[in-house]
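Participant: Prediction below, plus the sequence it came from.
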Amino acid sequence: MATTQEQVSLRRRRRRRWAIGSLTSWNALAHRPMLLLHAPPHPQPAARSVLVPTAQQTYYERAGALHVHTTYSDGRGSFEEVARTAERCGLDFLITADHGTLAPLREGKEGYYGDCLALAGVEISCDEGYVLGFDLPAEFDPARGEAARVLAAIQAAGGFGFLSLVCDPRFAWRHLPTNGFTGIEIVNMGTMGMRRINPPNLLRALIRYRLGGTRHAFALLARRPTPELRAWDRLTQERRVVGIGSTDAHARLKVFKGHIPYPSYEDSFSLMRTHVLCLEEATGDARRDAAQIYEALAAGRCFASFHVHGEARGFRFFASTKHGEATLGEEVPWEEGLTLHAHANGQEAVFRLIGDGAPLATFRGRFLEYPVTRPGVYRVEVYRWGQQAGPFCLCLRPWILSNPIYVRPAGATVPTPPHEAHVLQTVP
C-alpha cells in the first residue's frame, strides 16, 4: 500500500516530537526534557574567567539532616546510634523528629557526638496534617490537635514549626494554614519514595543495586519535588516562608506485615541534606552552636541539596546593590543595578532562576549573574547532568534548591516568619 503525503508528514512530526522530548538542553527540567527554543527574557552575561565574589558577610556553613526518627518512635536505631552514624557520614548536625515525644531532650541525649551536634525536635500529628517542632523546651506537650492550636502552642513555647508531608500521596494536608508556621518541607524523601515507587522503577532500582549498591539504587528518589515547589511559590507570594529538605529517615520500610532495614540511615544521609549559613563559627558549646543552627533555619538562611548528586558545600546565592548585599531568606529593596549572583564553589552546573514561581532564565557554567528589573521573589534551582552531547545536557539531575531572596519595592514591608531568633532550651 502506497504511503500518502499526509502519512509522511505525520511521521515527520512524530519524529520531531520524539527528538525534542529525548534531548535535554540547559533550559530543561529532569522530569520533562525539552529543547531550548526561545531566549531568556534578559541577555546572558558574557563569559568570564573568574567567579562572582562571595557575599560581604562571612557565613559559616554547616550541613545536616532534618526529620530523623529513632527508637523513641518508629525508627530502627537509637538516638546515640543515629547520631554516631551521622558523624560517620560527615554531617555537622542532626535534628531528630520522633512522633509525639521530646523524650531525647528530657533525657539529656542532645549534644556533640564526635563532630556532629545531635538535637531533638518533634513531629506532631494534627487534624489536617503533620508539623515539625524545633527549638522547644523539654516540658512542651506535643499533643495532637488542630494545626492552628499546635502551631500557636509551638510559638508560645519559644519554638518554631514547619509543615511536613505537604504533598504526600498518603498524608497530604487537606488545606494549608496561612500563618503560624516558619516554613514547609520542600523535599521529604519519604514522600519522594511513595511518589516514585512503581514496578518499572523497582526494576530499575534492582539493576542499579546490582551495579552500584544501595546508594546508587536509592538515587532514583532524588528528583525535582514539583508539587511542593508549586505550593511553596504560592506561599512566598504572601509572606516569607522557609523551605527545608528532610530525610524522614526511619531505616526501615514496611513490606506487607513486616519491615526490611532499607533505606539505612547511611543511605538517607547520602540522599538529602540541608545546609545552614550560621553567623558564628562552631565553638563546641552545644547550646551556643544549636542556637546558631536554629537561628539560620528560622531565618531561611539555608538551602537543600541532593547530596547523592554531589557535594554542595560552598554554594552561594545573593543579591548585590550599590549599598550592600542580601543572601538567602533576606529582603532587599529594589533599586537600579540590583543583580543576583549564584555559584556552586567553582563547579560547573545548570543554574535555573525562578522568579515569582515562573522560570526566568537559565545559565550553564560556573556561576549565574542576572540583573533584576522589578521586585519579586527569586530563588535558584541548580542541576547537574549525566552526559553531554555537543551543546545538549542529557539526564539533568536536581542538585540544589535555594531559599528565596525577596526583592521588595522601596519602602514596602511584608510579614516575616515568626520567631527569627531562637535560644536552645535544655534540661539543666
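Facilitator: That came through, no problem. Given the structure is predicted, the values throughout are model-derived calculations rather than measurements. Residues are numbered from 1 along each chain as shown.
Participant: make it CA atoms for all contacts and neighbour counts henceforth
Facilitator: OK.
Participant: Relative to Gly376, how far out is Tyr294?
Facilitator: 26 Å (C-alpha to C-alpha, to the nearest Å).
Participant: Where do the strands of the stretch 251-400 of the chain begin and end?
Facilitator: Counting by DSSP state E, counting those that start in this stretch, the stretch 251-400 of the chain has strands at residues 253-255, 258-260, 272-278, 302-306, 315-321, 324-327, 331-333, 339-344, 349-355, 358-365, 367-371, 376-389, 392-402.
Participant: between the ones you listed, which gets nearest to Leu66?
Facilitator: strand 272-278 (7.2 Å; C-alpha to C-alpha).
Participant: Just the pLDDT for Gly324.
Facilitator: Model confidence at Gly324, given as pLDDT, is 88.
Participant: and if you look at Arg239?
Facilitator: Reported pLDDT for Arg239: 94.
Participant: Tell me which of the strands of the stretch 251-400 of the chain sits nearest to Ala86.
Facilitator: The nearest among the strands of the stretch 251-400 of the chain, by C-alpha to C-alpha, is strand 272-278 at 11.1 Å.
Participant: hey, which helix is longest across this protein?
Facilitator: helix 199-218 (DSSP state H).
Participant: sorry, back to before: now the strands of the stretch 251-400 of the chain in TSV, with distance to Glu87 and mean neighbour count?
Facilitator: Shown next, in TSV, are the strands of the stretch 251-400 of the chain (distance: least, C-alpha to C-alpha, whole Å; neighbours: other C-alpha atoms under 10 Å):
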stretch	distance to Glu87	mean neighbour count
strand 253-255	23	11
strand 258-260	24	10
strand 272-278	13	26
strand 302-306	18	28
strand 315-321	22	21
strand 324-327	28	19
strand 331-333	34	19
strand 339-344	24	22
strand 349-355	28	23
strand 358-365	33	18
strand 367-371	31	22
strand 376-389	27	20
strand 392-402	22	23
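Participant: give the contact list for Met194.
Facilitator: Asp168, Pro169 (C-alpha atoms under 8 Å, 6 or more residues apart in numbering).
Participant: same thing but 10 Å
Facilitator: Asp168, Pro169, Arg170, Leu221 (C-alpha atoms under 10 Å, 6 or more residues apart in numbering).
Participant: in a helix, that's where it is, yeah?
Facilitator: Yes: Met194 forms part of a helix when assessed by DSSP: H, G, I helix; E, B strand; the rest coil.
Participant: okay, it: pLDDT?
Facilitator: 85.
Participant: ditto for the one 10 residues further on
Facilitator: Looking at Arg204, its pLDDT is 77.
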